[in-house]
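Q: The sequence and its predicted three-dimensional model are supplied below.
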Amino acid sequence: EALSTSYSDDVFKYSTTAKSKYIQHIIDTAQNHCGSDVTYEKFGGSNFGSKEMHEAFNVLEKAMIVALIQGSPSTRLPLEYNERKRPKLIFLDTGLANYKLGIRSELLKTNDLNNLYRGRIAEQAVGRALLSLYNSKKTMVGYWYRNKKGSTSQIDYLLSLDEKIIPIEVKSGATGTLKSVFQFIEESNIDYAIRIYSGSPQIDSIETKSGKKFRLLSLPFYFLHRIEDLCNQFIQS
């Protein structure tokens, strides 16, 4: 609680008095949008404009309180990011985000992070871990969306590592529910994907509707700190 209060107390350190209300609003409401795409205009139920909220988010990114992950329609290297696409919001202190959401004892009782807060806590946790691992390497952490009118296909995270594209989906349940992964595989020239979930480590051989075969590496959340090493081993095997 003291840490949560200190963020609010420090608002005036981040910006001018005139802009502080926008920053304060983000600090008060950002946890409700962790792991989801956000719109600057009227963010968090406010009446604030897009320009003011965009600037406020930029201030909090520089203060390392939140991160905004950009979307990419690319299926081949180099990955290109679209800053006009709604960014995905990650709170850089997952513990504080959970506290502000009132999620405490539930974390100890659940067997699957995807069951908490409509799966956003799981996506938040994975996003935070990836940012922690790859920021120092100047590797862009993004997400993939299908650049086609009316399409809702989206993969939670997309990395470019060692001249390889790494699509990462945060998901529970059967492999048949990975519709966006199937779509990405169909349109790309890669034959692998990564799933982060609460199950056991495993590798599945899967075939898309068109007959394209690919391998899916499923890793539990506790292996996130080794994801680069495990991905390299998996891709090269």
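A: Cool, got the structure. Numbering: from 1, shown residues only.
Q: what's downstream of the helix or strand bottoming out on mean pLDDT in the chain, the next helix or strand?
A: Using mean pLDDT, DSSP states H and E, the weakest-scoring helix or strand in the chain turns out to be helix 105-109, at a mean of 52. Where DSSP states H and E defines the elements, the next helix or strand beyond helix 105-109 is helix 120-134.
Q: what about that following helix, distance to the chain center?
A: 6 Å (CA atoms, centre = their mean, to the nearest Å).
Q: can you list contacts of it?
A: 34-36, 67, 69, 88, 90-92, 94, 97-98, 101, 103, 113-114, 116, 141, 156-157, 159, 161, 168, 170, 172, 196, 221, 224-225, 227-228 (CB atoms under 8 Å, 6 or more residues apart in numbering). C-betas here are computed from N, CA, C, even on glycine.
Q: residues of that helix that come out buried?
A: 120-131, 133-134 (16 or more other CB atoms under 10 Å).
Q: What of stretch 31-51?
A: Here stretch 31-51 shows 31, 33-36, 38, 40, 43, 46, 48 as buried, counting by 16+ other CB under 10 Å.
Q: swap in stretch 214-223?
A: For stretch 214-223, a neighbour-count test (16+ other CB under 10 Å) marks 214, 216-219, 221 as buried.
Q: thinking again about what came up before, which of the contacts of helix 120-134 count as buried?
A: 34-36, 67, 69, 88, 90-92, 94, 97-98, 101, 113-114, 116, 141, 156-157, 159, 168, 170, 172, 196, 221, 224, 227-228.
Q: separation between the residue positioned nearest the centre of the chain and residue 191?
A: The C-alpha lying nearest the average C-alpha coordinate of the chain belongs to residue 127 (CA atoms, centre = their mean; 4.1 Å). With distances taken as CB to CB, to the nearest Å, residue 127 is found 25 Å from residue 191.
Q: Output the helix or strand harbouring residue 99 as CSV, restricted to C-alpha atoms.
A: Taking DSSP H and E as the definition, residue 99 sits inside helix 94-101. Extracted in CSV, the C-alpha atoms of helix 94-101 (Å, rounded to 0.1, in the frame of the first residue of the first chain):
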residue,chain,number,x,y,z
THR,A,94,3.2,-6.8,-11.6
GLY,A,95,3.0,-7.1,-7.9
LEU,A,96,1.7,-3.6,-7.6
ALA,A,97,-0.8,-4.1,-10.4
ASN,A,98,-2.2,-7.2,-8.7
TYR,A,99,-2.4,-5.3,-5.4
LYS,A,100,-4.3,-2.4,-7.0
LEU,A,101,-6.7,-5.0,-8.7
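Q: what angle sits between it and helix 120-134?
A: Relative orientation of helix 94-101 and helix 120-134, computed by axes from the mean of the first three to the mean of the last three CA atoms, to 10 degrees: 160 degrees.
Q: if we can go back for a sec, can you flag which of the buried ones among the contacts of helix 120-134 belong to helices?
A: 94, 97-98, 101, 227-228 (DSSP state H).
Q: any chance of those residues in CSV, plus distance to residue 145 and pLDDT?
A: Shown next, in CSV, are these (distance: CB to CB, whole Å; pLDDT from 0 to 100):
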residue, distance to residue 145, pLDDT
94, 24, 77
97, 24, 75
98, 27, 72
101, 26, 71
227, 22, 91
228, 24, 88
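Q: Fine by me, we can end here.
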